[in-house]
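A.B. asks: A predicted structure for the sequence below; I have some questions about it.
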Amino acid sequence: MKHSNLMLITMMISSLLLIATFSAQAADVTITDIIDDVSSVDYTTQETTVVTSHPDIDVQNIDIVKATYTQQGTQATVTLQVRGSIEDRGKIIDLYNDAENPFQALNFVEYDFQVTTSEQDYTISYANQTGQVGGVETTNLSSSDFTVVGDTLTIVFTLASATEVYENLSVTSMFVKMNLSEGDMDLTGFVYLSDIAPNPALEIMEAYAEVTVAAIGDNIQFNGSIIPLTGQPPYQYHWDFGDQGTPSTLLNPTHAYTKAGEFTYTFTVTDQADDTASQTGTITISSEGGSNGSGLSSQMIMFLAILAIVIVVGVVIIIWIIRR
Ligand SMILES: [Ca+2]
Ligand SMILES: [Ca+2]
């Protein structure tokens, strides 16, 4: 009797452990994304703008709607659904095999998954019926590893170990077009459209006045930038210049102060989801008008002071050498 009880308890515990082990390794994750948030990033201003139509591509084909991750043992499956259709165009950039001129003529659509497990990061890339899994080393996927049906891409890949536990999934779609084949470094034809899910939290890259010291009446340039593809575009901008004057809703406004003093300016961004991010800075305005340019920044004053010391020391040394 005692023996069979012990057997029963052992079986129960081991089956519970088995369930615990399986539930730790099985994962069933879905992330959803908003529509109409495909964005282009301007390479000079780093400004992110929502793009709803484009002459070179049906934007809906890269507008991510949903992505999933499932895992059974070492077999992981990822799916990505777009608003339009999965587009097969071009190929994955291969810096090694196209080393001679990898960027000469690019025109491709790529879908990427970033999967983090308890043990490592995987990047699974798909472009036009080819795929790669980058982990400890990069391996090519065979055509049996992925399927494209209308709006959904499905990829099956193998994890390095069965003990890996799911931690995070993010997906990216991108359309890149560029033509530098004739040595033309003009990037006016450069197109970069992308969608990310989940959208990272809105984050300001920088917000600053181009000078730290200026005079009353000077037109001062203020510059704001957001880390590309964070938050949910489109964004609304708000500059408060700290002087109770008229605020600006431009990304890069100019402003002239009418009073002397030290002012704290604040740059605030609000996204489509009503999330906000802000950053502040200070500027000193002197009462001396008539300066038609920017005042000397504190770094410049420091630099000139050091330069003056170096010159004085140099002259002293030269005089000392001549007198010997
Ligand atoms: Ca989207
Ligand atoms: Ca998105």
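C.D. replies: On my side now, so go ahead. Numbers count the residues shown, from 1 in each chain. Ligands and ions are numbered 1, 2, ... in the order given.

A.B. asks: Bridged to Ile155, which residues?
C.D. replies: Val78, Phe146 (DSSP bridges).

A.B. asks: okay, it: pLDDT?
C.D. replies: According to the prediction, Ile155 has pLDDT 97.

A.B. asks: Contact partners for it?
C.D. replies: Ile155 makes contact with 77-79, 113, 124, 126, 131, 141, 145-146, according to C-beta atoms under 8 Å, 6 or more residues apart in numbering. (C-beta placed from N, C-alpha, C; glycine too.)

A.B. asks: any idea which helix or strand carries the residue nearest to Ile57 when sequence neighbours are not counted?
C.D. replies: Spatial nearest neighbour of Ile57, chain neighbours left out: Phe175 (5.1 Å); criterion: C-beta to C-beta, 6 or more residues apart in numbering. If you go by DSSP states H and E, Phe175 is part of strand 166-179.

A.B. asks: can you list the weak-confidence ranges in the stretch 201-324 of the chain?
C.D. replies: 289-324 (pLDDT under 70).

A.B. asks: likewise the stretch 1-150 of the chain?
C.D. replies: For the stretch 1-150 of the chain, the stretches flagged by pLDDT under 70 are 1-26, 93-104.

A.B. asks: got the residues of it near ligand 2?
C.D. replies: Within reach of ligand 2 by C-beta under 5 Å from the ion, the stretch 1-150 of the chain has these residues: 33, 37.

A.B. asks: How about the strand holding Phe175, which residues are buried there?
C.D. replies: The neighbour-count check on strand 166-179 (16 or more other C-beta atoms under 10 Å) flags 166, 169-178 as buried.

A.B. asks: sorry, back to before: go ahead and confirm the residue nearest to Ile57 touches Leu106.
C.D. replies: No - when contacts are counted by C-beta atoms under 8 Å, Phe175 is not listed as touching Leu106 (10.0 Å).

A.B. asks: Give me the pLDDT for Gly189.
C.D. replies: Reported pLDDT for Gly189: 75.

A.B. asks: same check, this time on the one 5 residues further on
C.D. replies: Residue-level confidence at Ser194 comes out at 95, pLDDT.

A.B. asks: repeat for the one 3 residues further on
C.D. replies: On pLDDT, Ala197 comes in at 96.

A.B. asks: Neighbours of it, how many?
C.D. replies: 21 (other C-beta atoms under 10 Å).

A.B. asks: so what strands line up beside the strand holding Phe175?
C.D. replies: Within its sheet, strand 166-179 is paired with strand 105-117 (antiparallel), strand 191-197 (antiparallel), according to DSSP bridges.

A.B. asks: ok, back up a step: format the buried residues of strand 166-179 as TSV; extra columns: pLDDT and distance to ligand 2.
C.D. replies: Below are the buried residues of strand 166-179 laid out as TSV (pLDDT from 0 to 100; distance: C-beta to the ion, whole Å):
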residue	pLDDT	distance to ligand 2
Tyr166	95	21
Leu169	97	13
Ser170	97	10
Val171	97	9
Thr172	97	9
Ser173	97	9
Met174	95	12
Phe175	95	14
Val176	91	17
Lys177	88	20
Met178	81	23
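
A.B. asks: and those residues as JSON lines, adding distance to ligand 1?
C.D. replies: Formatted as JSON lines, these follow (distance: C-beta to the ion, whole Å):
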{"residue": "Tyr166", "distance to ligand 1": "22"}
{"residue": "Leu169", "distance to ligand 1": "15"}
{"residue": "Ser170", "distance to ligand 1": "13"}
{"residue": "Val171", "distance to ligand 1": "10"}
{"residue": "Thr172", "distance to ligand 1": "11"}
{"residue": "Ser173", "distance to ligand 1": "8"}
{"residue": "Met174", "distance to ligand 1": "13"}
{"residue": "Phe175", "distance to ligand 1": "13"}
{"residue": "Val176", "distance to ligand 1": "18"}
{"residue": "Lys177", "distance to ligand 1": "20"}
{"residue": "Met178", "distance to ligand 1": "23"}
